[in-house]
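Q: Show me how the following folds:
(one chain, ligands or ions: 1)
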Amino acid sequence: MRDYWKMPLDELREEAREKTLRQHGRKVTYVVNRNANFTRVCNVGCSFCGFGRRPGTKGANSDRIDEVVARVAKTPWVTEVCLQGGIDPDLPPEYYFDLVRALREAFPWMHLHAFSPMEIDSLCAKADCEPEEILSKMRAAGVGTIPGTAAEILVDEVRRKISRNKLPVARWVQIVRAAHRTGLKSSATILFGHVERWEDIRAHFDVLRSVQESTGGFTELVPLAFIPYQNRLGSMLARRAGSMGVLEERIRKRAMRLYPLARMVLGEVIPNLQTSWVKLGVEGAVESLGWGCNDFGGTLYEESITRSSGGKHGEKMEPDEIEAAIRGAGYQASLRSTVYGPVKNRFSLVKKSCHPPAREHLVPRIA
Ligand code: SF4
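A: Numbering: from 1, shown residues only. So this is what the prediction gives:
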């Protein structure tokens with residue numbers, strides 16, 4: 001067996017490109033989705049985060065449920081809503097269930113991709129119950145899958161350095177396994193390009209492999225490059241590196257090796273590898289299709305988490321922009337559901353809705 005961790009970069013990328021073509025041909029998928037970040041209040045204080053606001057500080061707001069519903073109503077053509085927020089100590093568990101029910105009722109055709117393991121952990125503490133109970137109730141209320149965020153690097157020593165109040169690795173794994181057992185699949189993520197070493201990334205991949213081999217519940221791996229511009233960790237690392245430019249270059253180099261490694265090391269067990277235009281930019285995301293990625297991610301209407309850390313690549317892409325980027329790189333663009341299935345005729349779904357119709361120019365394209 002070849003040691004991909006030590007392989008020269010050119011060789012590794014070529015192997016990853018060929019393996020991706022064997023596994024997926026020239027098809028590159030994407031999803032029409034939006035975010036609905038319902039609270040910025042957070043008492044966790046991760047050093048890499050520019051989104052969360054300490055309770056009582058400027059901008060520390062939680063939305064009313066009707067405000068979230070009204071925002072989602074602006075994009076009735078999406079097939080997925082990703083619900084994530086900070087950890088607001090004052091938001092009761094009922095808020096989360098009511099939010100899910102309200103969205104389910106208003107937009108029955110949308111898949112709800114909701115609540116990270118950190119949010120589930122905090123709900124368990126608030127409701128004094130086990131993850132299975134929260135997750136089963138979430139599923140019954142209408143949650144379809146959960147985001148596998150809050151993973152950062154699944155090595156406790158690294159977590160203590162970048163987000164010491166976050167749930168430990170064992171708890172993250174426990175919650176993700178419980179979700180998969182409950183019938184809620186999840187994404188898997190990794191936040192890279194900060195203080196982690198390659199051996200930490202290797203350990204992270206080992207954790208993901210072990211979960212996937214027993215549950216089969218990960219739909220995809222989503223590597224997330226660290227955005228260093230408006231957070232404590234970024235300022236510290238830029239100072240240490242000598243300049244922000246040097247740090248940016250390090251993150252870019254790490255991405256160039258991490259994506260092909262993920263394809264080669266985890267491709268058999270987690271075949272879908274998602275790039276991130278919001279982190280890498282459209283050009284970088286297109287380039288990564290030649291490094292092992294087979295999924296372009298989503299339209300991400302209302303992206304605000306990366307922007308809050310100073311992300312420079314915008315808050316949304318329209319479906320036709322994504323398709324043009326994919327086709328421009330010589331691949332076939334293919335619309336997918338959250339769980340990588342086909343998307344039914346969304347035009348009829350939009351017509352059935354009692355909400356304002358989708359923008360005319362979008363409807364025929366995605367019908
Ligand atoms: S990453 Fe999430 S948990 Fe950490 S500070 Fe930001 S909002 Fe809070």
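Q: Is Lys161 part of a helix or strand, or is it coil?
A: Under DSSP: H, G, I helix; E, B strand; the rest coil, Lys161 falls in the helix class.
Q: Which residue, neighbours along the chain excluded, lies closest to it?
A: Val195 (5.4 Å; Cβ to Cβ, 6 or more residues apart in numbering). All C-beta atoms are positioned from the backbone trio N, CA, C, and that covers glycine.
Q: OK, contacts around the one you found?
A: 158, 161-162, 233, 237 (Cβ atoms under 8 Å, 6 or more residues apart in numbering).
Q: so how far is the ligand from it?
A: Going from Val195 to the ligand by Cβ to the nearest ligand atom, to the nearest Å gives 15 Å.
Q: mind checking which helix or strand that residue is in?
A: Element membership for Val195, per DSSP states H and E: none, as it lies in no helix or strand.
Q: biggest separation within the contacts of Val195, which pair?
A: Using Cβ to Cβ, the two most remote members of the contacts of Val195 are Val158 and Leu237, lying 13.4 Å apart.
Q: For stretch 117-136, buried residues please.
A: Residues of stretch 117-136 classed as buried by neighbour count (16 or more other Cβ atoms under 10 Å): 117-124, 126, 131-132, 134-136.
Q: can you check stretch 182-199 too?
A: Quick answer for stretch 182-199 (16+ other Cβ under 10 Å): 182, 184-196.
Q: Distance from the chain centre to it, please.
A: 9 Å (Cα atoms, centre = their mean, to the nearest Å).
Q: again, but for stretch 270-286
A: Here the centre of stretch 270-286 is set off from its chain's centre by 11 Å, with Cα atoms, centre = their mean.
Q: neighbours of the closest residue to Arg40 other than its chain neighbours, just the number please.
A: Excluding its sequence neighbours, the residue lying closest to Arg40 (Cβ to Cβ, 6+ apart) is Arg53, at 4.7 Å. By the criterion of other Cβ atoms under 10 Å, Arg53 has 20 neighbours.
Q: I'd say Arg53 and Asp88 touch.
A: No - using Cβ atoms under 8 Å, Arg53 makes no contact with Asp88, being 9.6 Å away.
Q: shared neighbours, the two?
A: Joint contacts of Arg53 and Asp88 (Cβ under 8 Å, 6+ apart) are 41-42.
Q: any chance of the buried residues of stretch 117-136 in JSON lines, plus pLDDT and secondary structure?
A: Output for the buried residues of stretch 117-136, formatted as JSON lines (pLDDT from 0 to 100; DSSP: H, G, I helix; E, B strand; the rest coil):
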{"residue": "Pro117", "pLDDT": "98", "secondary structure": "helix"}
{"residue": "Met118", "pLDDT": "98", "secondary structure": "helix"}
{"residue": "Glu119", "pLDDT": "98", "secondary structure": "helix"}
{"residue": "Ile120", "pLDDT": "98", "secondary structure": "helix"}
{"residue": "Asp121", "pLDDT": "98", "secondary structure": "helix"}
{"residue": "Ser122", "pLDDT": "98", "secondary structure": "helix"}
{"residue": "Leu123", "pLDDT": "98", "secondary structure": "helix"}
{"residue": "Cys124", "pLDDT": "98", "secondary structure": "helix"}
{"residue": "Lys126", "pLDDT": "97", "secondary structure": "helix"}
{"residue": "Pro131", "pLDDT": "98", "secondary structure": "helix"}
{"residue": "Glu132", "pLDDT": "97", "secondary structure": "helix"}
{"residue": "Ile134", "pLDDT": "98", "secondary structure": "helix"}
{"residue": "Leu135", "pLDDT": "98", "secondary structure": "helix"}
{"residue": "Ser136", "pLDDT": "98", "secondary structure": "helix"}
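Q: which of the residues you listed lies closest to the ligand?
A: The ligand has its nearest neighbour among these in Met118, at 5.4 Å by Cβ to the nearest ligand atom.
Q: What separation do you get for that closest one and Arg327?
A: Look at Met118 and Arg327: by Cβ to Cβ, to the nearest Å, they are 37 Å apart.
Q: quick one: low-confidence ranges for the stretch 201-350 of the chain?
A: Counting by pLDDT under 70, the ranges of the stretch 201-350 of the chain that qualify are 303-314, 344-350.
Q: And what about Gly234, helix, strand or coil?
A: Strictly by three-state DSSP, Gly234 counts as helix.
Q: If we ignore the residues flanking it in sequence, what's nearest it?
A: Nearest to Gly234 is Pro228, by Cβ to Cβ, 6+ apart, at 2.9 Å.
Q: just checking, the one you found touches Ala238?
A: Yes - the criterion here is Cβ under 8 Å, and Pro228 meets it with Ala238 at 6.2 Å.
Q: hey, what's in contact with both of these two?
A: 244, 247.
Q: still on that earlier bit, quick check: the residue nearest to Gly234 vs the ligand, distance?
A: For Pro228 relative to the ligand (Cβ to the nearest ligand atom), the value is 14 Å.
Q: mind checking how far that residue is from Leu99?
A: With distances taken as Cβ to Cβ, Pro228 is found 32 Å from Leu99.
Q: go on, Glu119?
A: For Glu119, the distance to Leu99 - Cβ to Cβ - is 11 Å.
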